[in-house]
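Student: Requesting a structural model of the entry that follows:
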Amino acid sequence: MSGLLLVLLIGCSQKVTRFDVVDYAASGESQRYVQTFDECYFCADAHDNVDIVARVSTTNDDGVPTTQVVHLRTFWITRPGTTNAERSMINATVGYLIVGGATGATFEGSGFLTFHVNRKGDRMTGELERSMLTPQRRLGAADRLFERAELSGTFAATRNKARVVEMTHDLRRRFGPMPDYDPSSRIPDVR
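Tutor: Numbers count the residues shown, from 1 in each chain. Below is the predicted model of the structure:
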């Protein structure tokens, strides 16, 4: 019995990477989705900006393999006791990308990211507080899944620069660079 309790306690203490999406439709209705990610990696550049990439691959109801990726990148880092920080601040760019077969879509924006790296420097846990995302790029004839989405969640990442670079390069290869922002323009199609 005590062995089972120990396994349950260890299992409960494991941090998971989980993001919540709230889709706000033009009609005023909202829908909430939750996704757990099985891969999450991070790395830092020479200026201490951090990239975090989480990915999960599943199969949709039609049997089409679907990949979801969350990419977070800081452009300044909060320092507890030094930096004033509150939920309304923005310190990271946020991308939520969905690819299924030959179609895909990106939802991008910004948000507030806090994290802690362990003493060895090989594990990071953190939280993305409410970030607002809008549709930005599409592959093929992908539907606009969300008009305006709010993304938040928690993550547990392993330091692995090679995986972060591989995953972000794959996204750039598929979707191309971010378009110039013009609020009157429609979402560009990437073929």
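Student: When you work out contacts or count neighbours from here on, use the C-alpha atoms and nothing else.
Tutor: Noted.
Student: what separates Met124 from Asp51, distance-wise?
Tutor: 11 Å (CA to CA, to the nearest Å).
Student: And Gly153, by the same measure?
Tutor: 16 Å.
Student: Show me what the mean pLDDT comes to for the helix or strand encompassing Met167.
Tutor: Met167 belongs to helix 161-175 when assigned by DSSP states H and E. Mean per-residue pLDDT for helix 161-175: 92.
Student: and the angle for the helix or strand encompassing Leu128 with helix 161-175?
Tutor: Per DSSP H and E, Leu128 falls inside strand 123-139. In terms of direction (axes from the mean of the first three to the mean of the last three CA atoms, to 10 degrees), strand 123-139 departs from helix 161-175 by 10 degrees.
Student: just how off-centre is strand 123-139 within its chain?
Tutor: Distance, stretch centre to chain centre, for strand 123-139: 4 Å (CA atoms, centre = their mean, to the nearest Å).
Student: May I see the buried residues of whichever helix or strand comes after it?
Tutor: Later in the chain than strand 123-139, the nearest helix or strand by DSSP H and E is strand 148-159. Residues of strand 148-159 classed as buried by neighbour count (16 or more other CA atoms under 10 Å): 148-159.
Student: Out of these, flag the one nearest to Gly95.
Tutor: Leu151 (9.5 Å; CA to CA).
Student: Look up which residues are beta-bridged to that closest one.
Tutor: Under DSSP bridges, the beta-bridge partners of Leu151 are Val21, Ser131.
Student: Look up how far Thr168 lies from the spatially most central residue of the chain.
Tutor: Note on the chain: the residue nearest the mean C-alpha position is Val70, at 2.2 Å, using CA atoms, centre = their mean. Distance of Val70 to Thr168, computed by CA to CA: 10 Å.
Student: which residues are in contact with both of the two?
Tutor: Residues touching both Val70 and Thr168 (CA atoms under 8 Å, 6 or more residues apart in numbering): Val53.
Student: so what's in contact with Met124 and Asp51 at the same time?
Tutor: Common contacts of Met124 and Asp51, defined by CA under 8 Å, 6+ apart, comprise Phe42.
Student: Just give the strands next to the helix or strand His116 falls within in its sheet, each with its orientation.
Tutor: Here His116 sits within strand 113-117, counting by DSSP H and E. In the sheet, strand 113-117 lines up against strand 123-139 (antiparallel) (DSSP bridges).
Student: Right, I'll leave it there.
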